[in-house]
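> only geometry, no sequence info:
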């Protein structure tokens, strides 16, 4: 291996294969049977459980944990998947520490919640390993629904519609389905090609036709979709990336964090993926943390994450912030980028300290950088849409848009947090509203 963490510039192969394999191993290894029983035994099985209210998909958490405790993880999986068909991925990527586990009575009493997320993974993995699908399709209704976007919202919507007997055509702009789960999640959170395997398992419900390489506003027009189907659901996510608006933003070494994460998720050999020696990540959300941590895991010597406000304002959870710090990522807060310096390629990024109201202090500093990842938010990347509210599709109720017969959910729509579990809930609820409307 010729390049190491000390080699300047953007280089591949900074670490040997064994180090890379160890760095990108499963962040939270699966529980074995005994560990699952011990973890389940800590649940109080609350009658009015706050963890259910804290779950965006309202899974009956005490019930599924009791089912694990009584030796029926398959039944537990059915309880989970009935509310959240992507329960396996959500168990891996959900910020449970700020949702169900934060609300856990054990957390309030002892500071140590029941391991709800890992128990959910144990149950869903047990069922999926059997190769069976616990749901069957109802009698055909003769109705057709077009679902645009094969990410969490679109997949949840398509599955629920198929369960109720509707024919579903699932369109996606990429060459494979999965959306954020496939292309936008850190590799150490979803190992062994789980996202793709979960999609294959979900499609076992039947009568969901997948068409890839079809993007709204390019190969697809909303008017044509409305003519071809009885209803349309838009779960297109946020494909655009916000720009810094700085001179020099197009220098070599400047890159969107979402593209870096997507490439990392799809590459077959991590040793071939180039990474800088001195990496700067601009942003404070989960994407920024995922990019920063993975840059370190690939062998970058210095990785600095810079956010314009204080830590308490970062969208990334405290757990994610602490994870980044534990991997050697330096976090600087209350600083905004003001210039990109270099001759053709980036060499330094200049920042100015700001308060939480983004008022400039006049104090500046520079960070050496041969690679910079921008993670300052995403936006809708296509036209031909229903009415917008701000920068997202305006929805009312269970995802109804301004266009009759068109629903929307997930990151592209106004409403909940930009989380996988929230997108699943919105896709599921929109499907139920579509079903009621078509048969009403």
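Sure, I can see it. Since the model is a prediction, treat every value here as computed from it, not as a measurement.

> and residue 325, how many neighbours does it have?
Using other CB atoms under 10 Å, residue 325 is surrounded by 13 other residues. The C-beta positions use only the backbone N, C-alpha and C, and glycine is treated the same way.

> Please identify the helix or strand for it.
For residue 325, the enclosing helix or strand under DSSP states H and E is helix 318-326.

> again, but for residue 22
Element membership for residue 22, per DSSP H and E: helix 17-23.

> Go through that helix and flag the buried ones.
Buried residues in helix 17-23, counted by 16 or more other CB atoms under 10 Å: 20, 23.

> Please parse this protein into its domains.
Here the domain assignment for the chain is 33-130, 144-239+380-439, 246-377, based on the TED database.

> Pairing partners for the lowest-mean-pLDDT helix or strand in the chain, with directions?
Counting by mean pLDDT, DSSP states H and E, the chain has its least confident helix or strand at strand 240-241, which shows a mean of 88. Applying DSSP bridges to the sheet, strand 240-241 is found paired with strand 378-379 (antiparallel).

> what's the longest helix along the chain packed up against?
For the chain, the longest helix by residue count, based on DSSP state H, is helix 420-439. Counting contacts by 3 or more CB pairs under 8 Å, 6 or more residues apart in numbering; DSSP states H and E, helix 420-439 packs against helix 87-93, helix 152-163, helix 180-183, strand 231-234, strand 406-408.

> Include mean pLDDT, mean neighbour count and distance to residue 336 when you put these into a markdown table, please.
Listed next are these as a markdown table, based on pLDDT from 0 to 100; neighbours: other CB atoms under 10 Å; distance: least, CB to CB, whole Å:
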| stretch | mean pLDDT | mean neighbour count | distance to residue 336 |
| --- | --- | --- | --- |
| helix 87-93 | 97 | 27 | 29 |
| helix 152-163 | 98 | 29 | 32 |
| helix 180-183 | 96 | 24 | 27 |
| strand 231-234 | 98 | 28 | 33 |
| strand 406-408 | 98 | 28 | 32 |
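
> Could you list the low-pLDDT ranges of the chain?
Counting by pLDDT under 70, the ranges of the chain that qualify are 1-2.

> circling back to that earlier point, would you turn the helices and strands packed on helix 420-439 into JSON lines with distance to residue 357?
Output for the helices and strands packed on helix 420-439, formatted as JSON lines (distance: least, CB to CB, whole Å):
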{"stretch": "helix 87-93", "distance to residue 357": "32"}
{"stretch": "helix 152-163", "distance to residue 357": "34"}
{"stretch": "helix 180-183", "distance to residue 357": "31"}
{"stretch": "strand 231-234", "distance to residue 357": "35"}
{"stretch": "strand 406-408", "distance to residue 357": "33"}
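
> Many thanks, have a good one.
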